[in-house]
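# any chance you can model this:
(one chain, ligands or ions: 1)
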Amino acid sequence: MADPILKWAGGKRQILPRILDHFKDEDDYESYHEPFFGGGAVFFRETHEDAATVNDINPRLVNFYRVLQKDVPGLLDELDKLRQRMPDDDPNSEWDHDEKDQHDREIKNYYYQVRALFNKRPNNQDYDKTREAAMFLWLNRTCFNGLYRENRSGEFNVPIGNHKSLGLDMDSKLQEASNALSGVEILCEDFGYILDKAEEDDLVYFDPPYDPQSSSSSFVEYTSESFGKDEQRRLSDVALELDERGVNVVISNAPSVTDLYETDRMANFDYSEIGARRAINSDGDSRGEVEEVIITNIDKEDRRSQHTHIPDYN
Ligand SMILES: C[S@@+](CC[C@H](N)C(=O)[O-])C[C@H]1O[C@@H](n2cnc3c(N)ncnc32)[C@H](O)[C@@H]1O
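Numbers count the residues shown, from 1 in each chain. Next up, the predicted model:
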C-alpha cells in the first residue's frame, strides 16, 4: 500500500471504500489490471501481490510512472535541479508590497518557463525521460488544482496554482509508490488493450473519463482527445467480452451510462448508486444527487463488502 503521488481530476480517493466494497478479496482473484490509471488512487490503496497491468492513454503520465518505477534516485536528482533554479520560495516578512509583488512575479515566470520547456519535449526525439517525469510531477503539484488539461495542439495549458507546494518534499512517498509498481507492466494504449491481457479470474477496474452530459460535475479533458458516448459504448462491449471470458469487472462511471448496462446482453452486470461526494454544496438542490455508479459482474455474495470491513481512507 502506498500514497498516490499525483493529484488527478476524477481521482477516486473520497469514494475508495465504496469502490473496494465491490471488489473480491485479493485472494479470490488472480491478476489485477487498471486500464484508466490516472492518479491510481485505487491501485495504490491495495497491496497487489499480482498486479499485472496499469495503463493510461496519456503518454506523459505513463512516462512519469515508468521513470518512477525504475529510477527514483534519477527522478529526485531532476526534481532537485528544478528546485534549485526556482526563485527562493521563502518570502521575507520584512518585504514591502512591491518586493512581495516582485517575488510573486519571479515565481510565476519560473512556473511558465518550466511549462514551456515541458511543452517542447514531445517534438524533440532526444528528450530526457527522467527530466520530463520530474517536470510532470513538479507541474502537477504546482499548477491550478492539480489539473491536467491540454489544448488542441497537445500542450499542457493549466495556469499556476498555489505555489506553496513548490517545495515538494516527498522522497519516501516516491519510493513507496515505486515499490508498489515493481513488476507491473505500465502501458500507454487505448483501454481496448485489456482484451489481449486479462485472463479468466483476473480483476479489471475501469475508471473512464465521465460523459460530458453527466451529473453536475463538468467534463474533464485529460488529453486533446475526448471520451464521449461512443467510447462509453465501446467500454461496455469490452466489459461484456471480459465477462464472457470469466474476468471480474468493476467500473466506476457517471449515472448517465447506466442504460448501456440495463440491456439483456449485460444481464450479468448490476450497479449501485453513490450519492454526492460533497456534503456541503453551494447549490443546495443538487445535494444528495447520485454522482457516480459502480457497475460490476461480481456476484453480491462474492464481494468484499460481505466479509471485510474496509476502513475509510484519508
Ligand atoms: C477518471 S481518470 C482516472 C482516475 C484514476 N482512477 C484516479 O484515481 O486518479 C480517467 C483516465 O483515463 C485516461 N484515458 C482517457 N481515454 C482513454 C482511453 N481511450 N484509453 C485509456 N485511458 C484513457 C485519461 O488520461 C485519465 O487519466
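# please list the residues of this structure that sit near the ligand.
Residues of the chain lying close to the ligand by CB under 6 Å from any ligand atom are 8, 10-12, 35-36, 38-42, 55-58, 190-191, 207-209, 222-223, 227. Any C-beta I mention is one placed from the backbone N, CA and C, and that applies to glycine too.
# repeat that with 8 Å
Taking CB under 8 Å from any ligand atom, the part of the chain that reaches the ligand is made up of 4, 6, 8-13, 34-43, 55-58, 61, 148, 189-192, 207-210, 220, 222-223, 225, 227, 231, 252.
# buried subset of those, written for PyMOL?
Of the residues of the chain next to the ligand, the buried ones can be selected in PyMOL as follows, counting by 16 or more other CB atoms under 10 Å:
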select buried, resi 4+6+8+9+10+11+12+13+34+35+36+37+38+39+40+41+42+43+55+56+57+58+61+148+191+207+208+209+210+220+222+223+227+252
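# point out the ones among the residues of the chain next to the ligand that are inside helices.
In helices, judged by DSSP state H, the following of the residues of the chain next to the ligand are found: 41-43, 61, 231.
# could you dump those residues into CSV and include distance to P159 and pLDDT?
CSV is the format used below for those (distance: CB to CB, whole Å; pLDDT from 0 to 100):
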residue, distance to P159, pLDDT
A41, 24, 93
V42, 29, 94
F43, 29, 95
L61, 19, 96
E231, 28, 94
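# quick one, helices of the stretch 101-250 of the chain?
Under the criterion DSSP state H, counting those that start in this stretch, helices of the stretch 101-250 of the chain are mapped to 129-142, 171-181, 194-197, 229-244.
# most tightly packed of those?
Greatest average neighbour count among these goes to helix 129-142 (a mean of 22), per mean count of other CB atoms under 10 Å.
# tilt between that helix and helix 171-181?
With axes from the mean of the first three to the mean of the last three CA atoms, to 10 degrees defining the directions, helix 129-142 sits at 120 degrees from helix 171-181.
# run the chain-centre distance for helix 129-142.
How far helix 129-142 lies from its chain's middle: 15 Å, per CA atoms, centre = their mean, to the nearest Å.
# packing partners for that helix?
Applying 3 or more CB pairs under 8 Å, 6 or more residues apart in numbering; DSSP states H and E, we find helix 129-142 packed against helix 59-70, helix 72-84, helix 97-120.
# hmm, back to that, could you dump the ones in helices among the residues of the chain next to the ligand to CSV with distance to N157?
Listed next are those as CSV, based on distance: CB to CB, whole Å:
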residue, distance to N157
A41, 24
V42, 28
F43, 27
L61, 16
E231, 23
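# from the residues you listed, which is closest to the ligand?
Here the nearest of those to the ligand, counting by CB to the nearest ligand atom, is A41; it sits at 3.4 Å.
# next one: the residue nearest to the closest one when sequence neighbours are not counted from F44, what distance?
The shortest distance from A41 to any non-neighbouring residue, by CB to CB, 6 or more residues apart in numbering, is to K12 (4.5 Å). Relative to F44, K12 is positioned 11 Å away (CB to CB, to the nearest Å).
# could you do F156 as well?
According to CB to CB, F156 and F44 sit 23 Å apart.
# try D128
The gap separating D128 from F44 is 26 Å, by CB to CB.
# equivalent analysis for E262, please.
On the measure of CB to CB, E262 and F44 end up 32 Å apart.
# more neighbours: these two, which one.
Ranked by neighbour count (other CB atoms under 10 Å), E262 and F44 place F44 first, with 22 against 11.
# cheers, nothing more for now.
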